[in-house]
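1. need a structure here:
(chains A and B)
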Amino acid sequence: MLFNTIDFAIFLPLVVVLYYLIPHKFRWTLLLAASYYFYMSWKVEYIFLIIASTLVDFFSGIKMEKLADRRSRLPWLLLSLIVNLGLLFSFKYFNFTTENLNFLFQKVGLSRELPMMKLLLPVGISFYTFQTLSYSIDVYFGRQKAEKHLGYFALYVSFFPQLVAGPIERYARLAPQFRRRQILTYDNLVHGLRLILYGLFIKMVIADNISGLVDQVYAHPENFASLDILKGVVLYSFQIYSDFYGYSTIAIGSALLLGIRIMDNFKSPYLAKNISEFWQRWHISLSTWFRDYLYFPLGGNRVTKQRWVLNILLVFLISGLWHGANWTFLIWGLLFSLLYLLERLVNRLLNFQKAHSAYSAGHFLLALKTFLLVTVLWIFFRSQSFDGAMDIFRLLFQNSALDPQELIIPGSTWIFLLLFVTSDVILYNRRFDSWVGGLPYLLRWVIYGVLLFGIIVFAGVENFPFIYFQF
Amino acid sequence: MKESWKHIVLNLVSLLLLLLGINLLYTKLFFEKDLQEYSSIINLVREVPLEADIIYLGESSNNARREDDLDPRKISDFIADFYPGLDLYDLTKPAAHAGIFKVLLDQMPETSEVETVIVTLNLRSFNAQWIHSPLETSLQKSLVLLKPYPPLVNRFLLSFKAYEIKTKEEREMDFMEQWERDNLHFPYEFPHENVRKWDRWMAYEGIPGDSGEIDRALTELACHHIKAYGFQIDTLRNPRIADFDEIVDLARERGWRLVFNLMAENMEKAGQLVGEDLIFLMNENRELLKNYYESRGVMVVDNLSRVEDEQFIDQNWTTEHYAENGRKAVAKQVALALKSWYGYEYRDTGY
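-> Reported below is the predicted structural model:
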């Protein structure tokens, strides 16, 4: 079930109404049933993967807590890691690994060919796997008490607003909210609805109207003039941002209607002054996950310089691989790490980052630089293959199309894009719901009107699933 | 809390006013443009004059033609030749099926004088591959703006994808699962439990060509025939039956006479490639459809084995695309069936 469908428009209000009507002690059951239904509406049998993950981590957690020292807990942590990462590997990376092994066999003259699997990638598997892994790791390190109630734990793993594309929540933050008796407040209702409205707008009006244009360019870049390819490349930066930001905003708003607060996932990332700041503002729940569960355990920056460089490389490479089983994602991660390191070096030498306050000309120049760098890297992220990415780079500079196809961007798309960019600047370090709440009544309703009108009348009608669902 | 309720009521009133304003703006300025962009299928209905006597709902079988055809006209044109005194119009939409025809018929104005509706009844449209066709998403999408609600509500439904949205891969999985799920029942011993197994067996065994070697192209075609015709219609579960049932109900409501034109399939080739088992299933489905709809007052014209192999345009695929003589043969049967209502208008054409 997608957030921008009529099914969800019926499902969410129904769940919210039932949630507040029934006694608190039954609410977890309702939310769990709703979450499983939400997931099963996509593919029924894949719910067993979530259930398997839930059971393994639940019992591993209890076992680990009973054991005093880390050494005796380790087998249970390993069990959790093996099961969760094993499932993730089987569905997401098996074919990629097989394909590369077969290529290797061929290169060394072996006639053996390993078989590929024909499986649909379970939606959101990377998200809920990471979410539940964070719990196991926290219990292992003694940072988190093991949950004794299977129902609440299962709900933590599968809570529908953030099940399939995050934000990836930590147990300590999310689970206690399920236990708390939530009451319907005007504030939660209004803030939740505002976020859903804004999220739908940026997904349906911005992302979905850009998707088709970007697809045209990436499918046949050779048909377009260099300038149009450039437009397609830049538009993709907005597409992926509005798509994922839109999804996260709807997720946060939907959870808020139930009185549950989940973390912000984006904070105007294209206004970041450097790559490091970009990752503090982009997909925050994943960046912090990698920071806490990979970067810090590797030693973070409290190691030798060489080891630190290696840590950075490793974190970005794994982050790239998390996004998808393709060399393009690995290259994307590698390039991000190199840029990060390069920026750190340059900043140390020149130290010009801190001099610019928000909204200053210097800030915008640095943000533009970051945006351009990130946009270039998105080419690897969006391309189906390394060769495809190279084609885009080549054609950006060397236009050989004899009778190039024109990339027609409708006037309405330009206008809405401009609105989106403006809103992103306004919302720098702020959230839409709070900001709009502070405006005079009439102006607030004008904004609601524009968003609503855009959503109903100008929403893209092609079905473009949320990009991050595939991860 | 009292203050909150005041806010809520005020906000609801504001929302209502906003929606009314948006609806007005949308209906006046954007709806027709959207219809043309996303539901141009409506133009088919708009082109039918109110005085039309008969309408023919067809898919690509109606207007397919072969290069050597002397008369490239449609099946519906050939039917019209038999009744020069009647106004017969066609609504032809490639890849359409009963679910689409139903929506088109729904759009017929109440003031229309149509008496008879001829609907293409395509046997293949009941198979799993067609039911879960990747084309289905865009077909369903083209119908959303035609729903009987205010324009803004329809646009809302379109924006919020109020149709079955599935990717090509998901739909492929759906029909493959159905091939595996639906067991085949024969009144005699049959070695293959379902289409999936039958298809695999055929692919493995292969069909020998002239040289005695396995002819891969021929084998693939045989497999395709199994997948296209190897099914047994379940009147309770097959969605196409439900679509045709709705057409029957609508015709009853609107006082139309209804004709279902069961299109010809290349039974000759199916028999040659796969054998009598497949012919058995095709005949069984034919009888089922005839009995089922005739018992509901529909005139079913059985053209299933009317066209010979040579007249099928696509020799390497299963379609209902006929060359001139094939189209004429099908048209003639429909025309003859219409005689019981319009005998006084009938003229022999020599087809």
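2. domains for chain A, by residue range?
-> With domains defined by automatic domain parsing, chain A comprises A:6-183, A:187-273+A:356-470.
3. Please produce TSV containing those, extended by mean pLDDT, distance to B:Leu135 and mean neighbour count.
-> The way it works is simple: take the backbone N, C-alpha and C, and place the C-beta from them, glycine included. Formatted as TSV, these follow (pLDDT from 0 to 100; distance: least, C-beta to C-beta, whole Å; neighbours: other C-beta atoms under 10 Å in any protein chain shown):
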stretch	mean pLDDT	distance to B:Leu135	mean neighbour count
domain A:6-183	91	20	17
domain A:187-273+A:356-470	90	14	19
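4. Now tabulate these in TSV and tack on distance to B:Glu47.
-> Putting these into TSV (distance: least, C-beta to C-beta, whole Å) gives the following:
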stretch	distance to B:Glu47
domain A:6-183	31
domain A:187-273+A:356-470	24
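5. give me the element residue 330 is part of.
-> All of this is about chain A. Using DSSP states H and E, A:Leu330 sits in helix A:327-350.
6. Sorry, I should have been clearer: chain B.
-> B:Val330 is part of helix B:324-342 when elements are defined by DSSP H and E.
7. Give the buried residues for that helix.
-> B:324-335, B:337-338, B:342 (16 or more other C-beta atoms under 10 Å in any protein chain shown).
8. Chain A contacts on chain B?
-> By C-beta under 8 Å from any C-beta of the partner chain, the residues of chain B that approach chain A are B:4, B:7-8, B:11, B:14-15, B:18-19, B:21-22, B:25-26, B:30, B:38, B:137, B:141, B:152, B:155-162, B:165, B:167, B:169-170, B:173.
9. and the residues you listed, which of them are in helices?
-> Mapping the residues of chain B next to chain A onto helices (DSSP state H) picks out B:4, B:7-8, B:11, B:14-15, B:18-19, B:21-22, B:25-26, B:38, B:137, B:141, B:152, B:155-159, B:169-170, B:173.
10. Give me the buried subset of the residues you listed.
-> So, by 16+ other C-beta under 10 Å, the buried ones in these are B:11, B:14, B:18-19, B:22, B:26, B:38, B:137, B:141, B:152, B:155-159, B:170, B:173.
11. Now do the contacts for the spatially most central residue of chain B.
-> The centre of chain B sits closest to B:His97, judged by C-alpha atoms, centre = their mean, with a distance of 1.6 Å. Going by C-beta atoms under 8 Å, 6 or more residues apart in numbering or on different chains, B:His97 touches B:Glu59, B:Asn122, B:Ser125, B:Trp130, B:Arg240, B:Asp243.
12. Would you format the residues you listed as CSV with neighbour count, pLDDT and distance to A:Ile331 included?
-> Converted to CSV, the contacts of B:His97 look like this (neighbours: other C-beta atoms under 10 Å in any protein chain shown; pLDDT from 0 to 100; distance: C-beta to C-beta, whole Å):
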residue, neighbour count, pLDDT, distance to A:Ile331
B:Glu59, 20, 93, 47
B:Asn122, 23, 95, 49
B:Ser125, 22, 94, 46
B:Trp130, 18, 93, 42
B:Arg240, 20, 95, 48
B:Asp243, 19, 95, 49
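13. so can I have JSON lines of those residues showing secondary structure?
-> Formatted as JSON lines, the contacts of B:His97 follow (DSSP: H, G, I helix; E, B strand; the rest coil):
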{"residue": "B:Glu59", "secondary structure": "coil"}
{"residue": "B:Asn122", "secondary structure": "coil"}
{"residue": "B:Ser125", "secondary structure": "helix"}
{"residue": "B:Trp130", "secondary structure": "helix"}
{"residue": "B:Arg240", "secondary structure": "helix"}
{"residue": "B:Asp243", "secondary structure": "helix"}
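14. Now flag whichever of those is closest to A:Lys118.
-> Within the set of the contacts of B:His97, B:Trp130 lies nearest A:Lys118; the separation is 22.0 Å, counting by C-beta to C-beta.
15. Now do the contacts for B:Gly255.
-> By C-beta under 8 Å, 6+ apart, the contact set of B:Gly255 is empty.
16. Phi, psi for it please.
-> B:Gly255 adopts backbone torsions of phi 70, psi 30, taken as degrees, to the nearest 10.
17. Distance-wise, check it relative to B:Glu115.
-> Note on B:Gly255: its distance to B:Glu115, by C-beta to C-beta, to the nearest Å, is 8 Å.
18. what does stretch A:273-293 contact?
-> Outside stretch A:273-293, the residues that touch it by C-beta under 8 Å, 6+ apart are A:130, A:133-134, A:137, A:166-169, A:244, A:263-272, A:315, A:318-319, A:322, A:336, A:339-340, A:343-344, A:347, A:353, A:356, A:363, A:366-367, A:370, A:373-374.
19. pretty sure A:Val15 is touching A:Leu32, no?
-> No: here A:Val15 lies out of contact with A:Leu32, judged by C-beta atoms under 8 Å, at a distance of 11.3 Å.
20. Next, the contact list for the residue of the stretch 1-150 of chain A found nearest chain B, please.
-> Residue nearest to chain B within the stretch 1-150 of chain A: A:Ile6 (4.1 Å; C-beta to the nearest C-beta). With contact taken as C-beta under 8 Å, 6+ apart, A:Ile6 is in contact with B:Leu157, B:Phe160, B:Lys161, B:Ala162.
21. give me that answer again for 10 Å
-> Contact partners of A:Ile6, counting by C-beta atoms under 10 Å, 6 or more residues apart in numbering or on different chains, are B:Val144, B:Phe156, B:Leu157, B:Leu158, B:Ser159, B:Phe160, B:Lys161, B:Ala162, B:Tyr163.
22. Need the max-distance pair from those residues.
-> Farthest pair in those, by C-beta to C-beta: B:Phe156 and B:Tyr163, 13.0 Å.
23. Get me the contact residues on the stretch 301-450 of chain A for chain B.
-> Within the stretch 301-450 of chain A, the positions lying close to chain B (C-beta under 10 Å from any C-beta of the partner chain) are A:Tyr441, A:Leu442, A:Arg444, A:Trp445, A:Val446, A:Tyr448, A:Gly449.
24. Leaving out sequence neighbours, find the closest residue to the fourth one.
-> With C-beta to C-beta, 6 or more residues apart in numbering or on different chains as the measure, B:Ser14 is the residue that lies nearest to A:Trp445, at 5.5 Å, once sequence neighbours are left out.
25. Go through the helix or strand where B:Lys269 lies and flag the buried ones.
-> Following DSSP H and E, one finds B:Lys269 within helix B:267-273. Buried residues in helix B:267-273, counted by 16+ other C-beta under 10 Å: B:Met267, B:Lys269, B:Ala270, B:Gly271, B:Leu273.
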